[in-house]
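**Student:** Below: sequence and its predicted model.
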Amino acid sequence: MSVLMSAPGPLVVGLGLIVGKSSTQLSDFFRRTAELLGIISAYVIYKITNKDGKCDECEKARLERLSNIIVGAMMFLAGSILMILAFTGSDTETGNVIPGLSIAILGVIANTFFWIKYTSLNKAQPNAIIAVQSRLYRAKSLVDGCVTIALLSVAIWPGTDLSYMLDKIGSVIVAAYLAFCGIKTVYEASVKKRENSL
């Protein structure tokens, strides 16, 4: 369900970039694309490791770590690219940000729902992939809130210094948070690998 709900986000925000040039909207496009790839990767590995009990514990742990490393690496890569774009972009004309704003608002709602759902699932039956998905959706809901504020300011006050500043700040926050979560996820997967090999 989360894959299906996340799939249109990159497409709509990407199409919105045709009419809008907001750095936050561009950052959001990269973020949503990286997250969608991470969610698909986690879903596939979760299905493999929980299919009819045919996956032994060592293989399950290895695949879960691999999934977490893939998700973390995608988040870090997207965050790094966005940070560079945030500081190198200088276009003050943002164009129409309504498509990106619409997706960001829907993102706050959907991602908060999945954050609560995955947190509940992980408490009921602890699972490494579900725990990382809970963290991912928490990050997504908070970042979508930030993106909503930034794009709302651009929509309400286009071309002003305030909207330009909030757009840049929104882009930097998205980039920094993605990079941080990516590093944390990869680090935790690496620590688990070392612990399991001892």
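**Tutor:** Perfect, I can see it now.

**Student:** Could you use CA atoms for every contact and neighbour count after this?
**Tutor:** Will do.

**Student:** need the contact list for the residue lying closest to residue 65 once chain neighbours are set aside.
**Tutor:** Leaving aside its chain neighbours, residue 65 sits nearest to residue 189 (5.2 Å; criterion: Cα to Cα, 6 or more residues apart in numbering). Residue 189 is in contact with 65, 66, 68, 69, counting by Cα atoms under 8 Å, 6 or more residues apart in numbering.

**Student:** and residue 189, what helix or strand is that in?
**Tutor:** Under the criterion of DSSP states H and E, residue 189 resides in helix 161-197.

**Student:** Now do that helix: distance to the chain's middle.
**Tutor:** Averaging C-alpha positions (Cα atoms, centre = their mean, to the nearest Å) puts helix 161-197 9 Å from its chain's average.

**Student:** quick one: buried residues of it?
**Tutor:** For helix 161-197, the neighbour count (16 or more other Cα atoms under 10 Å) marks 163-164, 166-179, 181-186, 188-190 as buried.

**Student:** mean confidence for it?
**Tutor:** What helix 161-197 shows for mean pLDDT is 82.

**Student:** Same check on stretch 44-55?
**Tutor:** The model assigns stretch 44-55 a mean pLDDT of 75.

**Student:** buried residues in it?
**Tutor:** Taking 16+ other Cα under 10 Å as the neighbour-count basis, stretch 44-55 is seen to contain the buried residues 45, 46, 48, 49.

**Student:** The first one against residue 67, yeah?
**Tutor:** Yes: checked against Cα atoms under 8 Å, the pair residue 45 and residue 67 is within contact range at 6.5 Å.

**Student:** name the element the residue nearest the centre of the chain belongs to?
**Tutor:** Residue closest to the mean C-alpha point of the chain, counted by Cα atoms, centre = their mean, is residue 35 at 4.2 Å. In the assignment (DSSP H and E), residue 35 maps to helix 23-49.
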